[in-house]
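Novice: sequence? don't have it. structure:
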């Protein structure tokens, strides 16, 4: 399986559940999730206002897809090598694939763990 790293740094933001979706999120990767308890946004770190509660400094790896819904074990194949190496992650699944986020400071360790688990890793070109 192949992973492609996006070039942008991301932030994982937490907003009040009753807040309307804000206008500021942008970037090549954007995820907005509302639950009964929170509004979470993952977007380009540079678009997040300084007063927003956020974990900054994440990078994303896209698993080559699409992945059929009946395929099992995909998430665990991504998370197990990182867990075994003490690397925290944030995983987002979409209709077609999975996105693995790790702190940029852990990139080298994460890449080594994933490559040892048999994943090929490339870096997406910077978009203009």
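Specialist: Looks like it arrived, so ask away. Keep in mind that this is a model prediction, so the values were computed, not measured.
Novice: Excluding residues flanking it in the chain, which one is nearest the residue nearest in space to the middle of the chain?
Specialist: Nearest to the mean C-alpha position of the chain, counting by C-alpha atoms, centre = their mean, stands residue 101 at 3.2 Å. Counting by C-beta to C-beta, 6 or more residues apart in numbering, residue 101 lies nearest to residue 90, which is 4.1 Å off, once chain neighbours are set aside. For every residue, glycine as well, the C-beta is placed using N, CA and C.
Novice: Which residues lie in contact with the one you found in this structure?
Specialist: Shown in contact with residue 90 (C-beta atoms under 8 Å, 6 or more residues apart in numbering): 12, 42, 58, 100-102.
Novice: Now do the SS call for residue 7.
Specialist: Assigned with DSSP: H, G, I helix; E, B strand; the rest coil, residue 7 falls in the coil class.
Novice: so it sits right up against residue 104, yeah?
Specialist: No. Contact criterion C-beta atoms under 8 Å: residue 7 and residue 104 do not qualify, at 11.2 Å.
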